[in-house]
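Q: Have a look; sequence and predicted model below, questions after that.
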Amino acid sequence: MPKTHRVTFLRSGKTVEVGENEGVLGAGLQAGLSLAYDCRKGRCKTCMVKVDGIIDQADAWLISNEELAEGYALICVGKPRSDLRVHA
């Protein structure tokens, strides 16, 4: 069983448990949240939001090093590596 982390979506205040093998966007949508997205492949930036915590962005195609350094992530392909606070 994969390790899970608590992911809090700040606009709704909702917290969900998300596995390290699971996308943050998918988990939020499954929990009933209304989140912006389009391609779901890390290529369009529609889902890009600021995230506090460690999130794996290995599958993100379109995010720059500067955006990563500022704390942004593409949550459609981002997988948690710590508890997260998502500014969405």
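A: Structure received. Numbering: from 1, shown residues only.
Q: quick one, what contacts the residue of the chain most remote from its centre?
A: The outermost residue of the chain relative to its centre, with distances by CA atoms, centre = their mean, is Met1 at 20.3 Å. By CB atoms under 8 Å, 6 or more residues apart in numbering, the contact list for Met1 is empty. C-beta here means a position set from N, CA and C on the backbone, and glycine is covered the same way.
Q: how far away is the spatially most central residue of the chain from Met1?
A: Centroid-nearest residue in the chain: Ile75, 2.9 Å away (criterion: CA atoms, centre = their mean). Ile75 sits 23 Å away from Met1 when distances are taken as CB to CB, to the nearest Å.
Q: One more: Thr46?
A: 31 Å.
Q: next one: Ile55
A: 20 Å.
Q: Check Gly42 too.
A: 26 Å.
Q: do Tyr37 as well
A: 27 Å.
Q: do the same with Asp52
A: Asp52 is 26 Å from Met1, by CB to CB.
Q: contacting residues around the closest residue in space to Gly78 that isn't next to it in sequence?
A: Of all residues not flanking Gly78 in the chain, Ile55 sits nearest, at 4.4 Å (CB to CB, 6 or more residues apart in numbering). By CB under 8 Å, 6+ apart, Ile55 lies in contact with Val24, Ala73, Ile75, Gly78, Lys79, Pro80, Arg81, Leu84.
Q: Mind putting those residues into a markdown table with pLDDT?
A: Below are the contacts of Ile55 laid out as a markdown table (pLDDT from 0 to 100):
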| residue | pLDDT |
| --- | --- |
| Val24 | 98 |
| Ala73 | 98 |
| Ile75 | 98 |
| Gly78 | 98 |
| Lys79 | 98 |
| Pro80 | 98 |
| Arg81 | 98 |
| Leu84 | 98 |
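Q: Which one of the residues you listed is nearest to Thr15?
A: Leu84 (9.7 Å; CB to CB).
Q: Could you check how many residues crowd around the residue nearest to that closest one when sequence neighbours are not counted?
A: Leaving aside its chain neighbours, Leu84 sits nearest to Gly53 (3.8 Å; criterion: CB to CB, 6+ apart). Per other CB atoms under 10 Å, the neighbour tally for Gly53 reads 17.
Q: separation between Gly53 and Arg43?
A: 23 Å.
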